[in-house]
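**Q** the following block contains a protein sequence and its predicted model.
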Amino acid sequence: MTVVVNPRSGRGRATRLLPRVQAALQEGLPDSELRIMRTRSFDDARQLALAAVAQAAPAEAGRRPDVLVMMGGDGMASLGLNACAGSHIPLAIIPTGTGDDFARGVGIPRKPAEAVQAIIAGHTKMIDLALVTGDLTDGHKQRYVGSVVSTGYDAKVNYRVNHAKVRSYAWSLLAEMAQLRPLNYRLTIDGRPLHTRAVIAAVGNAGYVGGGIHLCPAADVTDGLLDIMMIGPVSRWTLIRLFPLLFRPGFVKHPAITQLQAHEVIVDGDGLVPMADGEELGATPLRISCVPSALTIVVGND
Ligand SMILES: Nc1ncnc2c1ncn2[C@@H]1O[C@H](COP(=O)(O)OP(=O)(O)OP(=O)(O)O)[C@@H](O)[C@H]1O
């Protein structure tokens, strides 16, 4: 078992928790060889995750497969799922980030101590991933996304937070609200064109963005489908009323909200800033396809 740790995730929470996590894993899995790798940078984390998967052994009779454990936030989860996708190596997450939306959306316990117990118990399930193809910011042409691709108001808020000198989510929400205007979207949903105007258009594999916004409430990571959620050209005041409701469980019903499901969506439009896992994703057009059962993850008991 290789545990790749971003010591800075959750503003240093991972560093504080690591000794307890290590002790619990050693106690719970005394026969496992445990390798703990503290990352020095995001690139370092990517390399360590890829190397761990390349060296990992699959399951054999009477023996569990090697497991990649990513300890950090959504950035680390994204590196882990991209390293494990399509392999037979299960991915476990110990969520110590500020958002942890991937863990939230796929049934991984959000409390680190419970996530460790889930790893010890070793229950796994296969989940779908969204494969994004296009000119991506990381220089690649393809990347898996586990949670949501955002392109509207919420993505602009995320972009503003990332580029602000002082990172304030509340301030960015307000600043983007002041500039709110519907964006022109040119979507192709399972081959059918849909030209529309919207303030939010998100494509979800799992349902959460922005640290608990349930933007795609119908998303199911085992149904082989992507969930598309759009909020049409509403006024600022309507969005201010709708937005907090997205933090609550359940569905938000409003005539401006459209929810669809598809195997593949091509997202294009004017002035879109696609974001995923808290980072810029790339320039439009982007093709987003659901890849069923692309990843095995370690989950808690439902
Ligand atoms: N030593 C490091 N290893 C990995 N990433 C690092 C490191 N130091 C800083 N980072 C930065 O941390 C970010 C990834 O953090 P991660 O997603 O693990 O946690 P978070 O940002 O606290 O949580 P969340 O993404 O859930 O809000 C990247 O933007 C990366 O550049």
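**A** Cool, got the structure.

**Q** what about stretch 54-66, distance to the chain center?
**A** 26 Å (C-alpha atoms, centre = their mean, to the nearest Å).

**Q** likewise for stretch 119-135?
**A** For stretch 119-135, the distance to the chain centre is 10 Å (C-alpha atoms, centre = their mean).

**Q** measure it end to end?
**A** 36 Å (C-alpha to C-alpha, to the nearest Å).

**Q** the closest residue to the ligand within the stretch 201-302 of the chain: neighbouring residues, count only.
**A** Of all residues in the stretch 201-302 of the chain, Gly278 sits closest to the ligand, at 4.6 Å by C-beta to the nearest ligand atom. Where you see a C-beta, it was placed from the backbone N, CA and C, and this is true even at glycine. Gly278 has 21 neighbours, counted by other C-beta atoms under 10 Å.

**Q** which residues touch it?
**A** For Gly278, the contact set (C-beta atoms under 8 Å, 6 or more residues apart in numbering) comprises Gly73, Asp74, Gly75, Gly99, Asn158, Asn162.

**Q** tell me how far His123 lies from the ligand.
**A** Going from His123 to the ligand by C-beta to the nearest ligand atom, to the nearest Å gives 23 Å.

**Q** was I right to think that residue contacts Gly300?
**A** Yes - counting by C-beta atoms under 8 Å, His123 touches Gly300, with 7.2 Å between them.

**Q** more crowded one of these two?
**A** With neighbours defined as other C-beta under 10 Å, His123 and Gly300 compare such that Gly300 has more, 17 against 14.

**Q** over to that one: give its phi and psi.
**A** With angles defined as degrees, to the nearest 10, Gly300 sits at phi -80, psi 170.

**Q** neighbours of the closest residue to the ligand within the stretch 1-150 of the chain, how many?
**A** Proximity to the ligand, evaluated over the stretch 1-150 of the chain using C-beta to the nearest ligand atom, is greatest for Gly73 at 2.0 Å. When neighbours are defined as other C-beta under 10 Å, Gly73 has 28 of them.

**Q** show me the contacts for the nearest residue to Lys141 once chain neighbours are set aside.
**A** Spatial nearest neighbour of Lys141, excluding adjacent residues (C-beta to C-beta, 6 or more residues apart in numbering): Thr133 at 6.3 Å. Neighbouring residues of Thr133 by C-beta under 8 Å, 6+ apart: Lys141, Gln142, Leu286, Arg287, Ile288, Ser289.

**Q** distance to the ligand, neighbour count and secondary structure added to those, as a markdown table?
**A** Below are the contacts of Thr133 laid out as a markdown table (distance: C-beta to the nearest ligand atom, whole Å; neighbours: other C-beta atoms under 10 Å; DSSP: H, G, I helix; E, B strand; the rest coil):
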| residue | distance to the ligand | neighbour count | secondary structure |
| --- | --- | --- | --- |
| Lys141 | 21 | 11 | coil |
| Gln142 | 20 | 12 | strand |
| Leu286 | 20 | 23 | strand |
| Arg287 | 24 | 15 | strand |
| Ile288 | 20 | 25 | strand |
| Ser289 | 24 | 16 | strand |
